[in-house]
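Asker: Generate coordinates for the sequence data below:
(4 chains)
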Amino acid sequence: MSTVKQDKAVQREKIARRAEREIESGFYVNLGIGMPTMVANYIQPGKEVVLQSENGLLGIGPSPYESEVDPDLINAGKETVTASVSGSYCSSAESFAMIRGEHLDLAILGGMEVAANGDLANWMIPGKVIKGMGGAMDIVHGAKKIVIIMDHVSKHGTPKILKECTLPLTGKGVVDRIITDRAVIDVTDAGLLLREVAEGFTVQEVIDSTEAPLEVSGSLKEAGY
Amino acid sequence: MSTVKQDKAVQREKIARRAEREIESGFYVNLGIGMPTMVANYIQPGKEVVLQSENGLLGIGPSPYESEVDPDLINAGKETVTASVSGSYCSSAESFAMIRGEHLDLAILGGMEVAANGDLANWMIPGKVIKGMGGAMDIVHGAKKIVIIMDHVSKHGTPKILKECTLPLTGKGVVDRIITDRAVIDVTDAGLLLREVAEGFTVQEVIDSTEAPLEVSGSLKEAGY
Amino acid sequence: MKKIYTTFQEAVKEIRDHSTVMVGGFGLVGIPENLILGIVESGAKHLTVISNNCGVDDWGLGLLLENKQIDKMIGSYVGENKEFERQVLAGELEVELTPQGSLAEKIRAGGAGIPAFYTPAGVGTPIAEGKEIREFDGREYVLEEALTADVSLVRAARADRFGNLVYNKTARNFNPEIAAAGKVTIAEVEELVDPGELDGDHIHTPGIYVQGLIEGQQEKRIERLTVRQEA
Amino acid sequence: MKKIYTTFQEAVKEIRDHSTVMVGGFGLVGIPENLILGIVESGAKHLTVISNNCGVDDWGLGLLLENKQIDKMIGSYVGENKEFERQVLAGELEVELTPQGSLAEKIRAGGAGIPAFYTPAGVGTPIAEGKEIREFDGREYVLEEALTADVSLVRAARADRFGNLVYNKTARNFNPEIAAAGKVTIAEVEELVDPGELDGDHIHTPGIYVQGLIEGQQEKRIERLTVRQEA
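Answerer: From the prediction side, this is the model:
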């Protein structure tokens, strides 16, 4: 593995571990496909958490042993999974009734861009082939708290937290908190509020790599994770 | 039993037996509370019929033997019933999804008044205490065919098939066929069409006891039932 | 693991004066008998109750009527109850009659984050007065809005400590939709079983909708016993 | 008793050129594998297909794409399929992307006689363009209309001859809603069981929604096998 790739993996783990701290015991949580799914690996023992998968599984268990694999049992990322002891199945309409009705405490999703007002873009890039939004547009309206996890800047080094999104939106004003490799930022009625800065970054570095104006919290946590 | 009551029972049986002929083998049918429920007693052997009860039972069986009674198993008239071998249960929202989605082939309901345009009134009489419409307003929109069974005239001898309903409506333009102790009448785009006259009545008697104009069918069946 | 209550009065403690309460059941079948008794004991007043029916004079929600705890009732059929009639005529009780299917769908919508939907039921009747009528594909429909509750009370046959519920036969009725539409939902269950005993393919109400559980002995009164003779 | 088919081509005979067809499944899980092969054999063209996904290049609905039988696809995620991409770019295939929850609810509405409903999903996005936006309780919602199909194809684990269906785990997904939204619904089932073997409390799709049945051997291809090591 190259150093760059290794760094990338370390960075993703750091974000996932920080995101895990958003999950309280007793929570029902939807984790998006990709990096958000990784968060499940870091859930602290002792926390009682029920993970929902929008394809109709409430109570995702660990990956199956080879001998346990059931091709009829997958998560929304189409990976084979198991069900937890409390697990139950439902149809897609029921699953999204559960989501849209705001019965989930938390959804942790990936992002391409987040704007100062909480707008989220994470489903399409004009000019590139459209794959579809899947359940993202429903889920952003469907949990009591929406946390977006992503790299703070693009692979070209440009900010992803913007004054206004440039990509087509997934949802308008839906994001509550952004967690990146550099910072934890809340979306408030007064704009973005910098709550934590990650180890190895300064407040100024975070501000410089964020296009949208950042208010610094009075209780800012430095080297927070 | 007085003669009047006996006559009444005979008349109800006559209507129920005629209504039974509306049911084809393979049909899914909802029978309203009261006289319509009686129709089930006359279903010909050999007809495969599934009866739906809007409280969440698809496949009503016969009344239970004393030893079979389950207080959790009732029909929409709140009578203890059994489930047929094909029987399944569902929630109220699912039951009315089934109804509203026009998956039932036929509903046979009682009526207070029917108008020439198919309007039905069968749920309230102003000034009398309101009991509620129950599922009637949904069911009248929810079967491929709506048959109303009722006495041809009120207990005061006045017509119940009218130019226009005088009572608050249950549904507008919903009735397909009316079956009474005197006649079978279809609601058509051109108005009411007299299809059958019951034994013991003449066409003129039916016309005289019907306020709405009646077209007489070219293939009229006399002494039809 | 959900909160397991041991007294019915404690189980309904979130129901306060002026609360909106949804209660499962069709007639007396599937009603949370003991939770209703818990409300009677609590004495909470000025309630808005959403339930298909309103019990009978001496059982079920009829007990709350008798005790004058209900200000407003939303249901589809209330004809089994003389005290109901008396209070409506005396102007003591407000009643909002709703077609049964619209009631079930309004409650489902409330739990499912759908603020409103169109239905054919009630078009051209007094029920549609003051509501939007709209044509789709040449047919008229009325706009109906969602219903939710501060507290929902349901009854299930079996439950596990995760709040998963299974109903018995036609005792299911309004219970699943009502469980999903309450900000707080308490389930009275006939039997609490061990984790893993309920098959995930057979759960009617997943635990996410349930905040508290209590075991209760049911009377299961029969309104219209109808039997056939043994052969 | 429902019609029991013995060949898949006969089972899909109602699917003709220009038919609208709904197909159950999420990814490759819960798809009616052999009924799809039946459509390939039938050669019916200019189809509108409604399904959450469109299979992969060499399996599931991807086979219909390969065979150029689809004119229009309504789904939520179509990213697993290179031929899909090629046909969209070449203007050979029309695609209507719909948020997954709205898609599921539009199909449910189609089966449930609800012509339209409001949902928050898609407000402020390209998906809401040209659609009515309406405020309820201070929040914006978009109006979405129901979807129905000429023919619905679903897959179940078990069925009886009355058409009652039971699904296995996450192979349930869109199947129950799709079964209810088809004018004609054909179910491919893994096992046909004797009348009375299915518990009435455990039926996922009641027989009223099903017009025909056929038993089929499933390949059940796995898209992303993910396992953990034995301890």
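Asker: how about low-confidence regions in chain A?
Answerer: Judged against pLDDT under 70, the low-scoring parts of chain A cover residues A:1-6.
Asker: Please enumerate the helices of it.
Answerer: Listed in chain order, the helices of chain A (DSSP state H) span A:3-20, A:35-38, A:92-100, A:136-139, A:203-208.
Asker: Name the stretch among those that sits most buried.
Answerer: Greatest average neighbour count among the helices of chain A goes to helix A:136-139 (a mean of 29), per mean count of other CB atoms under 10 Å in any protein chain shown. Bear in mind the C-beta positions are built from the backbone N, C-alpha and C, glycine included.
Asker: which residues touch that one?
Answerer: Helix A:136-139 has contacts (CB atoms under 8 Å, 6 or more residues apart in numbering or on different chains) with A:30, A:32, A:54, A:96, A:99-100, A:107, A:109, A:122-123, A:146, A:170-171, D:99-102, D:119, D:121-122, D:125, D:127.
Asker: just these that are near chain C?
Answerer: Cross-checking the contacts of helix A:136-139 against chain C (CB under 8 Å from any CB of the partner chain) gives A:96, A:99-100, D:119 as the overlapping residues.
Asker: hmm, which two among these are most spread apart?
Answerer: Considering CB to CB, no two members of these lie farther apart than A:Ile99 and D:Thr119, which are separated by 10.9 Å.
Asker: would CSV of the helices of chain A with distance to A:Ser154 be doable?
Answerer: As requested, the helices of chain A are arranged in CSV below (distance: least, CB to CB, whole Å):
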stretch, distance to A:Ser154
helix A:3-20, 13
helix A:35-38, 15
helix A:92-100, 29
helix A:136-139, 19
helix A:203-208, 15
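Asker: Of those helices, give the one that comes closest to B:Ile60.
Answerer: Using CB to CB as the measure, helix A:92-100 is the one of those that comes nearest B:Ile60, at 26.0 Å.
Asker: For residue 184, list each beta-bridge partner.
Answerer: Using chain A. Per DSSP bridges, the residues bridged to A:Val184 are A:Ile179, A:Glu196.
Asker: Sorry, I should have been clearer: chain C.
Answerer: With DSSP bridges applied, the residues forming beta bridges to C:Val184 are C:Val151.
Asker: quick one: the strands in the chain?
Answerer: Here I'm looking at chain A. Taking DSSP state E as the criterion, chain A carries its strands at A:28-31, A:50-53, A:57-60, A:83-89, A:104-110, A:113-115, A:120-121, A:143-149, A:161-162, A:177-179, A:183-188, A:191-197, A:214-221.
Asker: hm, I was asking about chain C
Answerer: Under the criterion DSSP E, chain C carries strands at the ranges C:3-4, C:20-23, C:47-50, C:70-75, C:94-97, C:116-119, C:133-136, C:139-145, C:149-159, C:165-166, C:182-192, C:212-215.
Asker: can you redo these as TSV with distance to D:Lys183 and mean neighbour count?
Answerer: Supplementary listing: the strands of chain C in TSV, determined by distance: least, CB to CB, whole Å; neighbours: other CB atoms under 10 Å in any protein chain shown:
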stretch	distance to D:Lys183	mean neighbour count
strand C:3-4	47	14
strand C:20-23	35	26
strand C:47-50	35	23
strand C:70-75	34	20
strand C:94-97	34	16
strand C:116-119	20	25
strand C:133-136	17	13
strand C:139-145	17	19
strand C:149-159	35	26
strand C:165-166	33	26
strand C:182-192	36	22
strand C:212-215	42	21
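Asker: Including mean pLDDT, could the ones you listed go into CSV?
Answerer: Compiled in CSV, those are given as follows (pLDDT from 0 to 100):
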stretch, mean pLDDT
strand C:3-4, 98
strand C:20-23, 98
strand C:47-50, 98
strand C:70-75, 98
strand C:94-97, 96
strand C:116-119, 98
strand C:133-136, 98
strand C:139-145, 98
strand C:149-159, 98
strand C:165-166, 98
strand C:182-192, 98
strand C:212-215, 98
